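Visitor: Generate a structure from the sequence data that follows.
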Amino acid sequence: MDLPHQMMDDEREAVSHGRRRILVNGLWSIILLAGAGPIRGMLKNLSPVSANEIEARHTKLELAAADLDHPEWKKASAVRITRYWSSENAPPQRHAEARLLWSREALCVRFVCPQAEPLVVSEKPQTDKKTLNLWDRDVCEIFIAPDARAVEHYYEFEAAPTGEWVDLAIHWKPDGRETEWEFHSEMTAAGRISKGSVMMAMRVPWQALGRTPVPGERWRANLFRCVGSGAGRGYLAWQPTRTEQPAFHVPQAFGSLFFKG
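Guide: Numbers count the residues shown, from 1 in each chain. This next block holds a predicted model:
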């Protein structure tokens, strides 16, 4: 809710609703005067993001992808991926939760997912180099466009529960897309398979994306999960692409990625 605009609405209704105006303005005054007290602390932890914006929280720590259980992850806002690419709601057992942290050196993304169906993973995973066609297995992905004014230029990063990974540079065009298959971001990934759940994390150095963001900056991005096999395979998207067939490469559907200081 946008409190300043809400206040304006309340003031316009003040003639007939004087008591409500007093109440609203009084509450607003309490918030402004709270200083370093509990209310200010609560507001500090509230995400400024909306339904089409995700937040990456800044950290002074340089985490590794393998730091899956580090306490720092709890400080990052959780983003729920709950819909298929078509915007249809997916069953809860296929949902995913993502958290993003950014430091001076890199962006870290962690996905935690329930796993209620047979895993679709490699029997002999390779983690020393990128695994093309990883998107045909169980995987979580983030697409990132550093320049919000040129969203057709973006990067694709994937991680599987086995620790396998993929990094690609994309130039989207109306008549197709150009993919830089030999793109090397120096990303690292880690995964964990547990009873009833899977976890995946990735670390992407800023040098691969051309620059380091500053606090308050907004890039463009989308988050995905692929799960299952056959006709029932699920293609989940944080921001649904709404294509006729499952497709993630729709940069026009990307949401906003907010870098919180």
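Visitor: And the strands in the stretch 151-261 of the chain?
Guide: Along the stretch 151-261 of the chain, the segments classed as strands by DSSP state E, counting those that start in this stretch run 153-159, 165-173, 176-180, 188-194, 197-205, 218-227, 234-237, 255-260.
Visitor: Tell me which other helices or strands the one helix or strand residue 101 maps to touches.
Guide: Using DSSP states H and E, residue 101 sits within strand 96-102. With contacts taken as 3 or more Cβ pairs under 8 Å, 6 or more residues apart in numbering; DSSP states H and E, strand 96-102 sits against strand 53-58, strand 79-81, strand 106-114, strand 139-145, strand 218-227. Bear in mind the C-beta positions are built from the backbone N, C-alpha and C, glycine included.
Visitor: So which of those strands is nearest residue 192?
Guide: strand 106-114 (9.5 Å; Cβ to Cβ).
Visitor: chain center to that closest one, what's the gap?
Guide: 8 Å (Cα atoms, centre = their mean, to the nearest Å).
Visitor: that older thread, let's test this: mean pLDDT of the strand holding residue 101, rounded?
Guide: The average pLDDT within strand 96-102 is 98.
Visitor: what does stretch 115-122 give?
Guide: In this model, stretch 115-122 carries a mean pLDDT of 97.
Visitor: so how far is stretch 222-237 from its chain's centroid?
Guide: 16 Å.
Visitor: Can you tell me what sits against that stretch?
Guide: For stretch 222-237, contacts defined as Cβ atoms under 8 Å, 6 or more residues apart in numbering pick out 54, 79, 81-85, 90, 94-96, 98, 111, 113, 115, 117-118, 120, 135-143, 238-239, 241, 246, 248, 253-255.
Visitor: Would you mind giving me the PyMOL syntax to select the buried ones in those?
Guide: Typed into PyMOL, the next command selects the buried ones out of the contacts of stretch 222-237 (criterion: 16 or more other Cβ atoms under 10 Å):
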select buried, resi 54+79+81+82+83+84+85+90+94+95+96+98+111+113+115+120+135+137+138+139+140+141+142+143+238+239+241+248+253+254+255
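Visitor: for the stretch 1-150 of the chain, what spans make up the helices?
Guide: Per DSSP state H, counting those that start in this stretch, the stretch 1-150 of the chain carries helices over the ranges 3-12, 18-33, 38-45.
Visitor: For residue 38, give me the pLDDT.
Guide: For residue 38, the predicted pLDDT is 37.
Visitor: Check residue 44 too.
Guide: As predicted, residue 44 sits at a pLDDT of 36.
Visitor: ok so, going back, any chance of CSV for the strands of the stretch 151-261 of the chain, columns mean pLDDT and distance to residue 129?
Guide: Shown next, in CSV, are the strands of the stretch 151-261 of the chain (pLDDT from 0 to 100; distance: least, Cβ to Cβ, whole Å):
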stretch, mean pLDDT, distance to residue 129
strand 153-159, 98, 13
strand 165-173, 97, 9
strand 176-180, 96, 16
strand 188-194, 98, 12
strand 197-205, 98, 15
strand 218-227, 98, 21
strand 234-237, 98, 25
strand 255-260, 98, 27
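Visitor: Just send those strands back as JSON lines, with distance to residue 65 too.
Guide: Below are the strands of the stretch 151-261 of the chain laid out as JSON lines (distance: least, Cβ to Cβ, whole Å):
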{"stretch": "strand 153-159", "distance to residue 65": "8"}
{"stretch": "strand 165-173", "distance to residue 65": "9"}
{"stretch": "strand 176-180", "distance to residue 65": "22"}
{"stretch": "strand 188-194", "distance to residue 65": "4"}
{"stretch": "strand 197-205", "distance to residue 65": "4"}
{"stretch": "strand 218-227", "distance to residue 65": "17"}
{"stretch": "strand 234-237", "distance to residue 65": "22"}
{"stretch": "strand 255-260", "distance to residue 65": "19"}
